[in-house]
Every structure is written in C-alpha cells, then in structure tokens.
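*Asks:* A structural model of the following input is requested.
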Amino acid sequence: MPGSTEPFTSMPGASVPSQLHRELVHIALLGTGLLLAGALVLWIIEGPVTGVRWLAGGLAGWAFVLWQCHTRLHLNVSTIDNRLFTRLGMANRITLLRGLLFGATAGFLAMLPLQAHAGWLYVPAVLYTVAAALDGLDGYVARRQQQTTRLGTELDTALDAFGLLIAPLFAVFTGKLPVIYLLVSAAYYLFQWGIRWRRQRGQPVYALPPSQVRRYLAGAQMVLVALALWPPLPGAGTQWFGIALMIPLLIGFCRDWLHVSGRLGARREPAA
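*Replies:* The predicted structure is shown next:
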C-alpha cells in the first residue's frame, strides 16, 4: 500500500486470452465449493441460519476478490518484456488463495455476535493469520518462476487492502481494536479515490518515489491485526498497539498524497 499511481484502465474482453478466463472460472468454482463445504459444516454444528449467514458473507467477499482479478486480467503481462502470459501462474493463484481466506473471514462478520460459541473466534484468527503469513510468498514465487506481472502487483495490493478492511472490522466488533483504527482500512480506498478524482478533473498525478517503508508499515499492520484477532490476547493491549501503529501509516499516506499531487518532492513527469 498505498498502491500504484498508474491509471487503471480496462481493455476489451477479446484482448484477454480465453485460457485466462477459463482458469479464473475454474478457480472461482473451486473457491465457491470450499465455501459451500464450510457452510455445510456450520449448518450441521450451529444450524441453518448460521450456515447461511456465513455463506452469504463469504460469497460476497469471494465475489469481490474475483472481480478485482477479472478486471485486471489484461495486466497479466511480464514486467520485464511486456510478454502476455496465457496462464495466471502459481504466484497469482497464491494471491487468490489469500483472497479466498479473506472472503472466508468476511463470512464471520455476518455471523456476529459469536457469544454463544466463543470458540468460533479462533477460526477467523487462523484464516487471517495464514493469509498474512502467505503475503510475500506470491512475489517470491513470481520472481523464481520469472513470471512477475502488473496483474500480480496490483492484485496483491488490492487484496492486502481488502484484508485490512475485513479483519479490522471483525476486530473492532469484538473489542480487540479501537473504532478509530478503521482509518487504516479506509486510507487505501480514499487514496485511490483521490487519484481518480484528480484524473477526472485533468489534474496531474505524479509517480510515488520508491520506498521500503510503505511495505514495512503495511506488513506491521497485518501482523498487528492477525495478533489482535486471537482471543487470548487482551483487547486493552491490542487497542493501544493499534493506535500506536496506525499513526505512522496514516502519516505515510498523507506524505504520499503530497507526492502524487506534486506538492512534495522534485517536479517530475506525471505518471503515465
């Protein structure tokens, strides 16, 4: 995060190889099947209402993940030689797996409150922790297989932001993070909206200077949220840590906005 400042543009579906569409459909069906299996387990244990509520939330989250990927399929080109890949590749599949875990976590938002069986609180903690632990693996695999793409970069960023929306919402509802921490969840979407707003009005948008700090700050938020979801950790401690870690991230977003709007840093050519 905050993500690319390059304009997001869609291309006609005909420009995307049919193999990519078919592969994404297969992944969508597989993910939906896994969610249905999870809902059946909840149906048996907790009853039909709980199972259906979890499934509705999970499918909504999974649909959002698939939409994020589908609208970017035309970006499945090499960052080295602009060669079009006709398969998503293992790295993007790992990214979509993370998205499925975020979607499953979203299902537990639809189940709140979980007072009757507090043991279920461990499940979203496991789901998000695994998804956070897999962050970075997709990029490593892409580099090892020499299939680094703009699709992978943008999808990874978009799903990181989605995870940092769903999991903190759950943590806020369960008293593990303060409501103000949701500013972290909103920051990415406000940043992207601001870029589109400038472009729609013909105002220049400048590229962000490279920085490892952004990645470290985003990673720190994922670690914090993952820890906060675990029931044994007291909410009083995770709430204070949440406030302490959100401040440098929000400052970073404000600084990056000054860069993309041309108010900070050397004057550069606007992002293409």
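
*Asks:* what about residue 39, how many neighbours?
*Replies:* Neighbourhood size, residue 39 [other C-beta atoms under 10 Å]: 21. Heads up, the C-betas are built off the backbone N, CA and C, glycines and all.

*Asks:* where's it, which helix or strand?
*Replies:* Here residue 39 sits within helix 18-46, counting by DSSP states H and E.

*Asks:* other SSEs contacting that helix?
*Replies:* Helices and strands touching helix 18-46, by 3 or more C-beta pairs under 8 Å, 6 or more residues apart in numbering; DSSP states H and E, are helix 48-70, helix 89-111.

*Asks:* quick one, which of these is packed in tightest?
*Replies:* Comparing the helices and strands packed on helix 18-46 by mean neighbour count (mean count of other C-beta atoms under 10 Å), helix 89-111 ranks first with a mean of 24.

*Asks:* hang on, the earlier thing: for residue 194, which of the helices and strands packed on helix 18-46 is the nearest?
*Replies:* For residue 194, the closest of these is helix 48-70, at 19.2 Å, according to C-beta to C-beta.

*Asks:* just give me how far the closest one sits from the chain centre.
*Replies:* Distance of helix 48-70 from the chain centroid (C-alpha atoms, centre = their mean, to the nearest Å) equals 15 Å.

*Asks:* what does stretch 28-45 give?
*Replies:* That offset, for stretch 28-45, works out to 21 Å (C-alpha atoms, centre = their mean).

*Asks:* same check, this time on stretch 249-267
*Replies:* From the chain centre to the centre of stretch 249-267 is a distance of 22 Å (C-alpha atoms, centre = their mean).

*Asks:* hmm, back to that, make TSV out of the helices and strands packed on helix 18-46 and add mean pLDDT and distance to residue 209.
*Replies:* Listed next are the helices and strands packed on helix 18-46 as TSV, based on pLDDT from 0 to 100; distance: least, C-beta to C-beta, whole Å:
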stretch	mean pLDDT	distance to residue 209
helix 48-70	95	26
helix 89-111	95	25
